[in-house]
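Asker: Sequence first, then the predicted structure:
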Protein chains: 4
Amino acid sequence: MTADLDHDALQALLDRLSKDAPRCFNEGKVADYIPALGEVDPNHFGIAVCHVDARVQYAGDALTRFSIQSIVKVHALVLAMQRLAPDDIWSRVGREPSGQAFNSMVQLEVERGVPRNPFINAGALLVTDLLVSRIVSTQYTLREHLRRLSGSDDVGFDERVARSEMDHKARNAALAYLMKAYGNLDADVETVLDTYFHGCSVAMNCVEMARSVAFLANRGVNPLDGSRVVSPVETRQLNALLLTCGLYDAAGDFAWRVGLPGKSGVGGGIIAILPGRMSICVWSPRLDGYGNSIAGRHALEGLVEGIGFSPLG
Amino acid sequence: MTADLDHDALQALLDRLSKDAPRCFNEGKVADYIPALGEVDPNHFGIAVCHVDARVQYAGDALTRFSIQSIVKVHALVLAMQRLAPDDIWSRVGREPSGQAFNSMVQLEVERGVPRNPFINAGALLVTDLLVSRIVSTQYTLREHLRRLSGSDDVGFDERVARSEMDHKARNAALAYLMKAYGNLDADVETVLDTYFHGCSVAMNCVEMARSVAFLANRGVNPLDGSRVVSPVETRQLNALLLTCGLYDAAGDFAWRVGLPGKSGVGGGIIAILPGRMSICVWSPRLDGYGNSIAGRHALEGLVEGIGFSPLG
Amino acid sequence: MTADLDHDALQALLDRLSKDAPRCFNEGKVADYIPALGEVDPNHFGIAVCHVDARVQYAGDALTRFSIQSIVKVHALVLAMQRLAPDDIWSRVGREPSGQAFNSMVQLEVERGVPRNPFINAGALLVTDLLVSRIVSTQYTLREHLRRLSGSDDVGFDERVARSEMDHKARNAALAYLMKAYGNLDADVETVLDTYFHGCSVAMNCVEMARSVAFLANRGVNPLDGSRVVSPVETRQLNALLLTCGLYDAAGDFAWRVGLPGKSGVGGGIIAILPGRMSICVWSPRLDGYGNSIAGRHALEGLVEGIGFSPLG
Amino acid sequence: MTADLDHDALQALLDRLSKDAPRCFNEGKVADYIPALGEVDPNHFGIAVCHVDARVQYAGDALTRFSIQSIVKVHALVLAMQRLAPDDIWSRVGREPSGQAFNSMVQLEVERGVPRNPFINAGALLVTDLLVSRIVSTQYTLREHLRRLSGSDDVGFDERVARSEMDHKARNAALAYLMKAYGNLDADVETVLDTYFHGCSVAMNCVEMARSVAFLANRGVNPLDGSRVVSPVETRQLNALLLTCGLYDAAGDFAWRVGLPGKSGVGGGIIAILPGRMSICVWSPRLDGYGNSIAGRHALEGLVEGIGFSPLG
């Protein structure tokens, strides 16, 4: 286990990763299941790290906002953990890798409406249902939560993306109605979907996103303001969940290659956590067949190699 | 992140865990699918740690040998990684959590004979096939491998257990023949099964077992003799695989509760790795519904809590 | 192969079946997933046959109307076959037994939104989508279709049942949205559901129902008015589909015991066809675990035995 | 419903079907999973009918023997029904369409080792297990059974085919071992496989085959010698099972197109039953993707159309 890189060496590493990213620009394609996502320039690349002392370093398009999509599932789960008792959450959603695509119905039916984990779509809809059922002004509360975590007061929903998601809601509606059929969804399905899609529509840049999850590298304390987000044990649990379930049915491969807790979104963002050291956000819109950013994953592999340290040895 | 416990504090912790273990002795039951396993006294408990400087500490029945069963899948995979090129392995078996019971056929058929990972039964049979097809005297080689890793010259097969497994081979035979039907098994099925069951039959105690996987805490170097077992990168990869796939369909729950790379066997043993610090082996025969040792898992939770350190924050 | 029973002998048989039906009244239970269905007296039993010369014979509560529920899937498919080209139907829905429960999502996902056959819920929703997308005033047209087939001008929707179904739409909504997600549903999901539930809500009695499907015993000609409903070949095809797919995952057992093309509904009705001879409708609300009327199925077994003739030898 | 064709008209129809068969000779391919099957000339076509008065008519290569393969599942089930009590059979194997390919393991695992019906491979292995466990000299008995039913004293096993099947046993071995694992297979797996493969290896021609199943058109009595094979009720039940389960996952399509109880084999043979009239055997080796003879199925469609009669109207 080696010491951390110093500031300059890390900056050089980030700059090199950013410079190398275009090598991946002939592969993959931008998510286009909703028009609003398909319009982004596919050849962006940004990377940012937030140290546990709140220092931020970045390279590339790290100040360009992108649609955070499924990464918001992490923030939503954290909000639920802050507001609800553990049993109220974990009696309704599991903590196991799904071994299936992120939007699979098969498993949800076999397991009678209980989603495998909070990071597949069904699980995130379930968490949204918990929030909608227990918190007034859920959308407002979620937005404030994201602003506080990221330290950016103007983070917000992209209404055009949210509306576009709602126009293409069929599969998520099917998941929500199936949970409803099994009695595992309390709120109105349309309300749950609207709130979920608003969460997915949030636009953030790499710096904001890295900041917003820095507490996961810092035993639960947000380094920006010193506030406790979750307990140290919950931090470890969240990181475990991210490591086993954060990248859908490519979670094992990501763990093998990168070895860090992580979460991806179809907007091309990926977060990763180096516990005790830093949080990382990388963004590049071209996706592989699993819906994960190709250049993003390569950059994270390079980062871990360059830093020469991993929590897994 | 706190410093390690010193020698005495850790010993006190191990002793306490050993003393507390009987609290779990009214739950679960010993694996009895083969008579030879069912005969063990269910109320054993042992725990051992092997530090990266090769020092060993232990408590309880840590010197009583038990049937290592599925834990041998780790050693077998390591042997395959030593002898074969990565592509020869990973083109034949995946690296993803299965999301299914350890002996499921469903997934194996859907994925046309390619097992999800090397730690479910199908995957371990596949690794055994690789070994049998490429290595002469596979059983002898595997036994020597285990002796070298554990530093114990008299570790060996329990022929009675191996025979008993062969007498109850039906489900593993079904898995092996299904892979054969898909052209993903080269060797004779009976030979693969016999070799696999011999591996599962190996008897080791907690100290021997902790030593045999200490290289996973030591960036790939066996602390007993300083020999390199696998490279640092391979070590990290193996730990990632253990963390995502080591406890079958309870992998997510184990990661949530314990947060360490681990592997269990139906003999009641569990290994866990604290990268950079130590390897751990705990043993207690009573199993939960997933086939994992109840007292063993509780002890590992207590150990992580007592040490106050986890690779995941 | 024996001759048909004469009028009096058949009447005696129907009377005996009606008298024997209460033997089944200690088993099964009334469908109660919607309150409006759960209110029916469970101990009704009615049976009616409609000969190919339009004569009707009946016994028991054959003039009491009941909720026809899934039996309407037959009439809806016939309406679609009258109005659409075969390819427009059979490119969108299969003709194979499902081997699954009537409301399974698993198969629908595996087969990418194409339902196995028109008699499982997904298939009936698909047929409803075809009707809604191609026919103006679909509900009115469907009601007129049922009135014409049954010869009863006051057959109509039970709005209370239709509303109650809509209030408990979750599972059917999940099926419809999943087909939508796969691009296999054209119309608005809510409109499809509303039309489908109205069809299910229709109330008819055994005599009306037997008349409404008598064309299936008469090579496609409605014996009431001599009008052609479908061609002889289509008649044979519909009977084949009813025989292989009419009773969900109990289709094989029903074929084994009764040996006639048939269709059941959770209102307790079952229709059966004795090609060249007669159509039959039996009704009794207590259902078995597959959602089929217990007394109804027993009566059909007794009828076939009493008549001493079966199309299958 | 029209009268039967007279002798000359039917002969003209058979001759025409035989003459038209080569139109299908540019599609499909011969089963080649074992070399012995792959050697047959793909452009054979034969058809034979056996009337309930034992008269036989035929055309094309109806006197050339072919490998009956899965059609023997019918004869084997009949033998089991003659020798065992119904409960001894139907507590071990179901009577429902599988909705899956003939050699699927998924369903067999989900349903814990109980095959869906006796005509999928798992079900036929189960029936073979029943025979092997209850009858001495099973292979001899099965051969005598086939000789008696077909009226041909020299019908027998093709040892080369049987050996070749055994050499490629992997998938059937997987099915058998999985049933063994669930405690639903009594005999030794190798013995069951050997007996099953011998049954599949039997060589018969269309005339012999049509004769051997003529009892299914004749309420259970073999028209060759007037002996009762099964009861009238069992005959109806067998025909129901053939209609719902005889053509694997193409059973619904076959029922829709042909409308007769039938059973196919990968040797290219198909039998069909016109209850009360005749049994039919057609043979042509080119198979569609479901393993059913293409020219065979077309000829059966033409036969039903030409005869103008179907049990389903």
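Answerer: That came through, no problem.
Asker: Could I get the full set of strands for the stretch 1-150 of chain A?
Answerer: For the stretch 1-150 of chain A, applying DSSP state E, counting those that start in this stretch gives strands covering A:46-51, A:56-60, A:66-67.
Asker: what's the closest of those strands to D:Gly276?
Answerer: Between D:Gly276 and the strands of the stretch 1-150 of chain A, the tightest spacing by Cβ to Cβ is seen for strand A:66-67, at 68.2 Å. Every C-beta, even on glycine, is put in place using the N, C-alpha and C of the backbone.
Asker: and that closest one, how far from the chain's centre?
Answerer: 12 Å (Cα atoms, centre = their mean, to the nearest Å).
Asker: what's it in contact with?
Answerer: Contacts with strand A:66-67, where a contact means Cβ atoms under 8 Å, 6 or more residues apart in numbering or on different chains, come from A:36-37, A:40, A:44, A:158, A:161, A:200-205, A:265, A:267-269, A:283, A:285.
Asker: Adjacent strands (with direction) for it?
Answerer: Strand A:66-67 has its sheet partners listed here by DSSP bridges as strand A:203-204 (antiparallel).
Asker: Please name the nearest non-neighbouring residue to A:Asn218.
Answerer: Leaving out its chain neighbours, the residue that sits closest to A:Asn218 by Cβ to Cβ, 6 or more residues apart in numbering or on different chains is A:Val52, at 4.5 Å.
Asker: isn't the one you found right up against A:Gly276?
Answerer: Yes - counting by Cβ atoms under 8 Å, A:Val52 does reach A:Gly276; the two are 6.8 Å apart.
Asker: joint contacts of the two?
Answerer: Counting by Cβ under 8 Å, 6+ apart, the shared contacts of A:Val52 and A:Gly276 are A:Ala217, A:Asn218.
Asker: hmm, back to that, got the contact list for the residue nearest to A:Asn218?
Answerer: Shown in contact with A:Val52 (Cβ under 8 Å, 6+ apart): A:Ala214, A:Ala217, A:Asn218, A:Pro223, A:Gly276, A:Arg277, A:Met278.
Asker: Briefly note if the worst-scoring helix or strand of chain A on mean pLDDT comes near chain C.
Answerer: Lowest on mean pLDDT, DSSP states H and E among the helices and strands of chain A sits helix A:106-110, with a mean of 81. Yes - where contact is defined by Cβ under 8 Å from any Cβ of the partner chain, part of helix A:106-110 touches chain C, namely A:Val106, A:Leu108, A:Glu109, A:Val110.
Asker: What is that helix packed up against?
Answerer: Helix A:106-110 makes packing contacts with helix A:170-181, helix C:106-110 when contacts are defined by 3 or more Cβ pairs under 8 Å, 6 or more residues apart in numbering or on different chains; DSSP states H and E.
Asker: Lowest average confidence across those helices, which one?
Answerer: Looking at these, the lowest mean pLDDT belongs to helix C:106-110 (a mean of 81).
Asker: buried stuff in it?
Answerer: In terms of neighbour count (16 or more other Cβ atoms under 10 Å in any protein chain shown), helix C:106-110 has its buried residues at C:Val106, C:Gln107, C:Leu108, C:Glu109.
Asker: Show me what the strand or helix carrying A:Arg236 packs onto, helices and strands only.
Answerer: A:Arg236 belongs to helix A:232-245 when assigned by DSSP states H and E. Judged by 3+ Cβ pairs under 8 Å, 6+ apart, helix A:232-245 is in contact with helix A:72-83, helix A:251-257, strand A:262-264, helix B:232-245, helix B:251-257.
Asker: switch the cut-off to 6 Å
Answerer: Contacts defined by 3 or more Cβ pairs under 6 Å, 6 or more residues apart in numbering or on different chains; DSSP states H and E place helix A:232-245 against helix B:251-257.
Asker: picking up where we left off before, nearest to A:Asp194 among the residues of helix A:106-110 next to chain C?
Answerer: Of the residues of helix A:106-110 next to chain C, the one sitting nearest to A:Asp194 (Cβ to Cβ) turns out to be A:Leu108, at 20.7 Å.
Asker: Which residue is the nearest non-sequential neighbour of the closest one?
Answerer: Spatial nearest neighbour of A:Leu108, chain neighbours left out: A:Ala122 (5.1 Å); criterion: Cβ to Cβ, 6+ apart.
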